[in-house]
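Enquirer: Just a sequence and a predicted model for now, questions to come.
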Amino acid sequence: MRLIAENLGGERGGELLFSGLHFAVSSGEALIVTGPNGSGKSTLLRIIAGLLSQVEGMLRLEGAPAAFEGLAAAAHYLGHLNAMKSVLSVDENLHFWQSFHGRGQCSIEEALECVSLGEIGHLPFGYLSTGQKRRVSIARLLVSDRPVWLLDEPTAGLDKASETQFAGLMRGHLTGGGIIVAATHLPLGLEGSKELALGGAA
Amino acid sequence: MSDAVSKTGRWIDLANPTRFLSLAGGILPWLGGLTALVLAIGFWMSMNAPDDYQQGSTVKIMFIHVPFAWLSMMCYTIMSIAALGTLVWRHPLADVSAKAAAPIGAVFTALALITGSLWGKPMWGTWWVWDARLTSVFVLFLMYLGIIALTRAMDDPAKSAKATAILTLVGFINIPIIKFSVDWWNTLHQPASVLRMGGSTLDPSYLKPLLVMAIGFTLLFFTLHMMAMRNEIWRRRVTAMRRVAARSADRGTVS
Amino acid sequence: MGALFLRDVRLGLRAGGGALVGILFFLAVIAVVPFGVGPDLKLLSRIGAAMLWIGALLATLLGLDRLFQADRDDGSLDLLIMASDRHMLPLTILVKCLAHWTVSVLPLVIASPLLGLFMNMEPAAIGATALTLLVGTPAITLIGAVGAAVAVSLPRGGLLVSVIILPLTIPVLIFGVSASYGAVEDPAPFLAPFLILAAITLFFAVLGPIAAAAALKSSAD
């Protein structure tokens, strides 16, 4: 499985942020997108997720499993926002996304254990701290299976222990043949990942 | 001086929710029993009251309609006093009391409207007329619902308490309007007959069961109100404990 | 899809009593009518059906702006759009509309007979009005979905949504009210406007979600 971008260009609000991007990420590889604020990291991820259309170039996913046709269908997107309802409990939130996205290998309890939040599934999402909320959205990536993870500043609000834990989860995903594209300015603790620097030349 | 201090001390004692819970636990069974007893006597007396020569047996709707209408106003008055308690004395239970009373008041008001409507159909030939008394009670019902909606819209009790208290006090204007609407305007609804200058116009054979029923339903109100306050205190404790649980879960991972 | 319906219903019931506010607005609108036109029972019974319809129309428009905005604010909308290969986006929107209708509009329909009594309407007129509301209000929600989707990226789109879709809902109002009158006034037919009303609802059950889906897809940024 390979995620390939050729001559990719993206804009936001009419302003061209990047153009002529080339990269290819294969199964088991991670691509870390770095760059200063406003260099187009989030825009690139949203283009890959299919939420924005590119200005030029092309983007394709080759050799994806049959269950996932199309790049958007094969991708988990973890944006700045957590996509959780604060009045519903953690369990209810995850249960909804699991049945909406399809059941994965992890059950909700296992996924919450993976982010060390095993005991608070019954609490309303709104009661949690910022870091805990982020970890619940990371658990969302685990309850349904998607080969491609698109992560936008995934460690924002996480403490050191949770960062290490999350790095372990990402390594597990890569070992299982997954692809990760992450936009970040903090080291994620992934060895041997490719790096794409945006906005340096401009 | 020392007297004042001990007095405030006692106030704070009563304000302590734990004290209130144990007090309520002790009083509630007795209050509930008394309510059931008085209501049972009241029902029995109502059943045995004579039929009216004009209205027939429909006159007996009065025995529940009048207490409901009276309670709908009393409940709002209690909420207004509680609102003052929140704003002026900052009594910690005042807000609990107002919040617990609102749904009960709304139900009593709805029952007053429904029973009045059932009574009006044979008497006036219509379920509803837009006269001053009926309309002002309907507005009272809307105000109860508005207050309930406001308390539910904010999940932080400290924030909603003051907003609700202010709304309640502003809405209190309606209570005298309801009480005196039958005197101020010429309406279809009959004027006050129980509480008025120069004694009641009601025959004792009706007045006695009505008074017993009124006392019974008032007791019922206080029983329900105390239970609702207890529930509200418990609900707030559960919320607080859940927040603590969320925080302690985090500490568990760091250590 | 069932999960989405359940989630939205739960949210509607829990999130600060949004359903209660709609009903309250409906009650308040009906309650001010007699103050405006006077407490003449004959007049009230004549305009009752129209007033119930206008009240229900306004109350339905009330919460519509939050239909997609709440999901946009917490990022859920992105994921719903991304899943469009798996769940067709118009279908997702239809389910969201149905959930919204169940929580915020169905209670209005249930309360409408009671308000009919306040307006001194005849039993047949009350029944007909409740029935036409039941059939016609989904169309308002579905048309409203288009407005909500168009205005989703605006920070204060609330009033704009109502202004955009109010003209579009006029056919629903016309046929709803004429069917309600058709049930009680002799020369006027009931069935014909009622069937047209049902047709409008079915038509917008298809067109509304498709248009809203197109608007949502292009609104993402």
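Expert: Everything's here; your move.

Enquirer: in which helix or strand would I find residue A:60?
Expert: strand A:56-62 (DSSP states H and E).

Enquirer: for that strand, the distance to its chain's centre please.
Expert: Remark: strand A:56-62 is offset 18 Å from the chain centroid, using CA atoms, centre = their mean, to the nearest Å.

Enquirer: same thing with stretch A:23-37?
Expert: Taking CA atoms, centre = their mean, one finds stretch A:23-37 lying 11 Å from the centre of the chain it belongs to.

Enquirer: Can you name the residues that contact residue B:174?
Expert: B:76, B:136, B:139, B:140, B:143 (CB atoms under 8 Å, 6 or more residues apart in numbering or on different chains). Any C-beta I mention is one placed from the backbone N, CA and C, and that applies to glycine too.

Enquirer: Which of the three states applies to the second one?
Expert: For residue B:136, the assignment made with DSSP: H, G, I helix; E, B strand; the rest coil gives helix.

Enquirer: nearest spatial neighbour of the residue in chain C positioned nearest to chain B, skipping sequence neighbours?
Expert: Closest approach between chain C and chain B, counting by CB to the nearest CB: residue C:39, at 3.6 Å. Nearest non-adjacent residue to residue C:39, counting by CB to CB, 6 or more residues apart in numbering or on different chains: residue B:130, 3.6 Å away.

Enquirer: tell me the contacts of residue 173?
Expert: Using chain A here. Neighbours of residue A:173 in contact, by CB under 8 Å, 6+ apart: A:141, A:149, A:180.

Enquirer: Not quite, go with chain C.
Expert: So residue C:173 contacts C:53, C:54, C:57 (CB under 8 Å, 6+ apart).

Enquirer: packing partners for the host helix or strand of the last one?
Expert: Taking DSSP H and E as the criterion, the element that holds residue C:57 is helix C:41-62. Under the contact criterion of 3 or more CB pairs under 8 Å, 6 or more residues apart in numbering or on different chains; DSSP states H and E, helix C:41-62 touches helix C:18-37, helix C:106-118, helix C:123-150, helix C:158-165, helix C:170-184.

Enquirer: switch to 6 Å and redo it
Expert: The contact analysis (3 or more CB pairs under 6 Å, 6 or more residues apart in numbering or on different chains; DSSP states H and E) places helix C:41-62 against helix C:18-37, helix C:106-118, helix C:123-150, helix C:170-184.

Enquirer: Now do stretch B:29-43, average pLDDT.
Expert: Taken as a whole, stretch B:29-43 has a mean pLDDT of 90.

Enquirer: Settle this for me: residue C:132 is touching residue C:180, isn't it.
Expert: Yes. Residue C:132 is in contact with residue C:180 according to CB atoms under 6 Å; the separation is 5.2 Å.

Enquirer: What backbone torsions are found at the residue of chain C closest to chain B?
Expert: Main-chain torsions, residue C:39, degrees, to the nearest 10: phi -80, psi 30.

Enquirer: Is the closest residue to chain C within chain B in a helix, a strand, or coil?
Expert: Residue of chain B nearest chain C, by CB to the nearest CB: residue B:130 (3.6 Å). Secondary structure state of residue B:130, per three-state DSSP, is coil.

Enquirer: Same check on residue A:36?
Expert: Strictly by three-state DSSP, residue A:36 counts as coil.
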